[in-house]
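[1] Structure for the following, please:
(2 chains)
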There are 2 protein chains.
Amino acid sequence: MPGGLSGTPKQCLQMLMNAGKEPEGGKSEGWYECADGKAKEQFWYLLARFDCYLVWSDVRAFTGFADVLSELLKALHCFQAVLHLCEAEISSKLGAGEVRVRILASPINPADINQIQGVYPVKPPLPAVGGNEMVAKIEETGSDVSQLTVGDWVIPSRSGTGTWRTYANIAEKDLIKIDNNLPLDAAATFQVNPPTAYRMLKDFVELKPGDLVVQNGANSSVGRAVIQLARNWGLRTINVIRERPDFTEIANELKALGANEVFTEKQLKEAKVKNARLALNCVGGRGTLFLIGCLGNDGIMVTYGGMSKQPIQAPTGPFIFKNIQLRGFWMSHWYTMEENKAERDVMFKELADLVRDGKFRPPNFDKFKLEDWKSAIANTINSVERKQLFVH
Amino acid sequence: MPGGLSGTPKQCLQMLMNAGKEPEGGKSEGWYECADGKAKEQFWYLLARFDCYLVWSDVRAFTGFADVLSELLKALHCFQAVLHLCEAEISSKLGAGEVRVRILASPINPADINQIQGVYPVKPPLPAVGGNEMVAKIEETGSDVSQLTVGDWVIPSRSGTGTWRTYANIAEKDLIKIDNNLPLDAAATFQVNPPTAYRMLKDFVELKPGDLVVQNGANSSVGRAVIQLARNWGLRTINVIRERPDFTEIANELKALGANEVFTEKQLKEAKVKNARLALNCVGGRGTLFLIGCLGNDGIMVTYGGMSKQPIQAPTGPFIFKNIQLRGFWMSHWYTMEENKAERDVMFKELADLVRDGKFRPPNFDKFKLEDWKSAIANTINSVERKQLFVH
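    The predicted structure follows:
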């Protein structure tokens, strides 16, 4: 419905209504509310629990409208309709096992955007505070808090924390202490992308120095983390990015991080790469045919994203005759598993050492105050390349 | 190139030549030989080692012509050009560890056809005898033969045996003794399809009675074996076959074997099946999207064929959020692994028991003498549904 979705959110909703489509949830909820003027209540929530936060409303009831919704969900005015900046007093009384944190910085990740759009499988009860990643400083500890002390830096131990705010009272068990000598940018983005790269390189095939890893979406935060970890561990990487006017510039940037080769999809296809042990996919679509074509016997392709919104395509032969596997990885799920706790600390130590030694750099961020959230969100949805960080 | 490939093999080759395409192998081999009249030598081999056999020539040098070749390779006159029935004396002297067998029956499997077409990864030196599966009877044993005695029934322990013949001298280690009370049809097809179904149901996810397995190509020999084993083991199966005029007839046939449901791809999509533990794929193409959509958390799709010649398509989400896996299986490779020997005997005993108890039936075969190989091959390449068996 190109062009059909301009106007205020309410006008957009009315247009959808007029298109005669039924919401999946039935008449009692969803778009039907808009017809009799309830759109405003539906889309503006207030909540008086936190100091300063962004909340979103339930656009999730409307997944029956897949086509038009996906257009709508990309539109900034949709975010402006469902997100809302609030100020409220935070409770001064800490429960047992709780700590009060001041949030120092929190990034906007693609998963945060998807969560607001309602297309991410983690769906916190609404209204909810946006954001899942942060670095925060302990300001006060309640009773029964044993591991954390005032001044410690912490990151969340799970997704769904709601990090786009300035203060919060959080259970100690939902936080992980990290090295408070890390640069702020690195600390704020320590929970998701570098560990995703780390685990994908460690947990699927046993890689020895000199082994080859191929990946697409190599210019993503995870992609850059893969390149840097691979360089530190003596692995070779072939990196695929989209054909673009500034291809050479980006390719040089990735090579400076340690990429052995940077190819377009077409170049990868022509290069006839053989015997890669691991392929990492965050794009999907027809390009995965060529990525999989690079795998040697017993090679594995790990999928951790689907930026193209197109299905993965895979040739039949390598499954049967080369025993390849297609697997998936989700960092949030890894954190929930009790048996990973010890390994988590080992990983964090190694990553923190690399950051401190200048051997691992976080992406460059555009920095915003929470008040400027409209610009921050606009920048995020208008460019997959630029990273945004709220600094409080 | 529809219509462009009628005529004698030589005329076809000349047409390809005229199309101006270069063979992948360069000028010194392949199609270029045809231009100066060498087609006949290239395509008619003689071999004086066996009693009676079919040989094929090297059409494999020509894989550069993918499009036209795939048309040509389907044409019967191509098989008539490269296959040849011969009679020759078999050596009466057995080497150490060798046995002489009389081959009782040998099926034509799709892999045999692909091997002749040169598109199967097992490529025996040419000229070679066609066929990979058989049941044979030991007629004489050489020195150092310890496990087999005259009168035993045997099947091959590996692919590449060359079974479209009447007699052969074979190393004992390349044969497996089987129950000689089995019906001939079952025995001749005991090596590939029932074990493929057995291993795919056993080796990828742990299935409990009541668990759900979905599969496409359910009317194939492996598909029917899956249905029957699942019924015997208390598993439920949802089975996808192509939309066709005789859909109801085939569906009823499969249900009589134990299928719980038989769907077209469209019906599967609409049925919104959930929580299948295992999916089995021998088709590929867009339909695998729906097959994968049936999988629950930690579900696995095993690919063992690609009848549609289209890439597998897979949605991204289930890899990340449901931890599904795509794997592959190849029976020939399983047999080569030393550590599977003990398990092989367990499996053969269980399968033989099921056959003898009438709980597992082989497909229905059209039977041919080796002299009628042209009809047998024609039937095979003109219909994926009918099975052909050479009975000697």
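
[2] Point me to the helix or strand that includes the residue of the stretch 51-200 of chain A found nearest chain B.
    Ranking the residues of the stretch 51-200 of chain A by distance to chain B (CB to the nearest CB) places A:Pro121 first, at 4.7 Å. In this view, the C-beta of every residue, glycine as well, is placed from N, C-alpha and C. With elements delineated by DSSP states H and E, A:Pro121 resides in a region that no helix or strand encompasses.

[3] which SS class is A:Arg102?
    strand (DSSP: H, G, I helix; E, B strand; the rest coil).

[4] Give the burial count for it, as a bare number.
    Burial of A:Arg102 is recorded as 14 neighbouring residues (other CB atoms under 10 Å in any protein chain shown).

[5] again with A:Asp246
    10.

[6] For it, give me its contacts.
    With CB atoms under 8 Å, 6 or more residues apart in numbering or on different chains as the criterion, no residue contacts A:Asp246.

[7] what do you get for the one 4 residues further on?
    Contacts were defined as CB under 8 Å, 6+ apart; by that measure A:Ile250 touches A:Asn219, A:Ile241, A:Arg244, A:Val262.

[8] Are we agreed that A:Glu139 is in a strand?
    Yes. The assignment for A:Glu139 is a strand, going by three-state DSSP.

[9] what residues are up against it?
    Contacts of A:Glu139 were listed using CB under 8 Å, 6+ apart, and they are A:Val99, A:Arg100, A:Val101, A:Arg102, A:Val150, A:Tyr167.

[10] Could you pull out the helices in the stretch 251-392 of chain A for me?
    For the stretch 251-392 of chain A, applying DSSP state H, counting those that start in this stretch gives helices covering A:265-271, A:288-293, A:317-321, A:331-336, A:341-356, A:373-382.

[11] Give me whichever of those helices is most buried.
    Most buried of the helices of the stretch 251-392 of chain A by mean neighbour count (mean count of other CB atoms under 10 Å in any protein chain shown) is helix A:288-293; its value is a mean of 23.

[12] for the stretch 1-150 of chain A, which spans come out with low pLDDT?
    Counting by pLDDT under 70, the stretch 1-150 of chain A shows low-confidence ranges at A:1-82, A:118.

[13] Flag every residue of it that's near chain B.
    Contact residues (CB under 8 Å from any CB of the partner chain) of the stretch 1-150 of chain A with chain B: A:Pro121.

[14] and if you look at the stretch 151-300 of chain A?
    A:Gly284, A:Leu289.

[15] ok and the residue in the stretch 151-300 of chain A nearest chain B?
    When you check the stretch 151-300 of chain A against chain B by CB to the nearest CB, the closest residue turns out to be A:Gly284, at 5.1 Å.

[16] ok, for that residue, nearest residue in space, not its chain neighbours?
    Across the structure, with CB to CB, 6 or more residues apart in numbering or on different chains as the measure, the residue nearest A:Gly284 apart from its sequence neighbours is A:Gly306 (4.4 Å).

[17] what about the one you found, neighbour count?
    Here the neighbour count serves as a burial measure; for A:Gly306 (other CB under 10 Å) it reads 20.

[18] I'd like to know how far it sits from A:Asn114.
    Distance from A:Gly306 to A:Asn114, counting by CB to CB, to the nearest Å: 11 Å.

[19] returning to what we had before: got the helices of the stretch 251-392 of chain A as a markdown table, with mean pLDDT columns?
    Written out in a markdown table, the entries for those read as follows (pLDDT from 0 to 100):
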| stretch | mean pLDDT |
| --- | --- |
| helix A:265-271 | 95 |
| helix A:288-293 | 97 |
| helix A:317-321 | 96 |
| helix A:331-336 | 94 |
| helix A:341-356 | 95 |
| helix A:373-382 | 85 |
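
[20] Next, format the ones you listed as JSON lines and append distance to A:Ser159.
    What follows is those, written out as JSON lines (distance: least, CB to CB, whole Å):
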{"stretch": "helix A:265-271", "distance to A:Ser159": "31"}
{"stretch": "helix A:288-293", "distance to A:Ser159": "26"}
{"stretch": "helix A:317-321", "distance to A:Ser159": "32"}
{"stretch": "helix A:331-336", "distance to A:Ser159": "4"}
{"stretch": "helix A:341-356", "distance to A:Ser159": "15"}
{"stretch": "helix A:373-382", "distance to A:Ser159": "18"}
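
[21] wait, which of those helices is closest to A:Gly160?
    For A:Gly160, the closest of the helices of the stretch 251-392 of chain A is helix A:331-336, at 8.5 Å, according to CB to CB.

[22] can you give me how far that closest one is from the chain middle?
    Using CA atoms, centre = their mean, to the nearest Å, the distance from the centre of helix A:331-336 to the centre of the chain it belongs to is 13 Å.

[23] try stretch A:363-371
    When C-alpha coordinates are averaged (CA atoms, centre = their mean), stretch A:363-371 and its chain have centres 16 Å apart.

[24] In it, which residues are buried?
    Of the residues in stretch A:363-371, those scored as buried under the neighbour-count criterion (16 or more other CB atoms under 10 Å in any protein chain shown) are A:Pro363, A:Phe365, A:Phe368, A:Leu370.

[25] which two in the contacts of A:Ile250 are spaced the farthest apart?
    For the contacts of A:Ile250, the farthest-apart pair by CB to CB is A:Arg244 and A:Val262; their separation is 11.6 Å.

[26] Among those two, which residue is more densely surrounded?
    A:Val262 (23 against 12).

[27] Spit out the contact partners of that one.
    For A:Val262, the residues meeting the contact criterion (CB under 8 Å, 6+ apart) are A:Ala218, A:Asn239, A:Val240, A:Ile241, A:Ile250, A:Ala251, A:Leu254, A:Lys255.

[28] quick one: it from A:Leu207, how far?
    For A:Val262, the distance to A:Leu207 under the criterion CB to CB works out to 20 Å.

[29] So A:Ser152 is in contact with A:Ile176, correct?
    Actually, residue A:152 is Asp rather than Ser. No. The criterion here is CB atoms under 8 Å, and A:Asp152 misses it with A:Ile176 at 10.2 Å.

[30] Which one's more surrounded, the two?
    Taking A:Asp152 and A:Ile176 together and counting by other CB under 10 Å, A:Ile176 has the greater number of neighbours (20 against 17).

[31] Can you verify my assumption that that one contacts A:Ser157?
    Yes. Judged on CB under 8 Å, A:Ile176 makes contact with A:Ser157 at a distance of 4.8 Å.

[32] From A:Leu182, how far out is A:Asn357?
    No, residue A:357 isn't Asn; it's Asp. Note on A:Asp357: its distance to A:Leu182, by CB to CB, is 12 Å.

[33] Please say which of these two ends up with more neighbours.
    A:Leu182 (18 against 9).

[34] is it fair to say that one lies in a strand?
    No. Using three-state DSSP, the assignment for A:Leu182 is coil, not a strand.

[35] quick one: contacts for it?
    For A:Leu182, the contacting residues are A:Val135, A:Trp153, A:Phe190, A:Ala352, A:Val355, A:Arg356, by CB under 8 Å, 6+ apart.

[36] switch the cut-off to 7 Å
    A:Phe190, A:Ala352, A:Val355, A:Arg356 (CB atoms under 7 Å, 6 or more residues apart in numbering or on different chains).

[37] Now name the helix or strand holding the first one.
    Under the criterion of DSSP H and E, A:Phe190 resides outside all helices and strands.

[38] Phi, psi for it please.
    For A:Phe190, the backbone dihedrals (degrees, to the nearest 10) come out as phi -90, psi -20.

[39] mind checking how far the residue of the stretch 51-200 of chain A closest to chain B is from B:Lys272?
    To B:Lys272, A:Pro121 is 17 Å away according to CB to CB.

[40] ranges for the strands of the stretch 51-200 of chain A?
    According to DSSP state E, counting those that start in this stretch, the stretch 51-200 of chain A carries its strands in the segments A:52-56, A:84-87, A:98-108, A:128-129, A:135-141, A:153-156, A:167-171, A:175-178.
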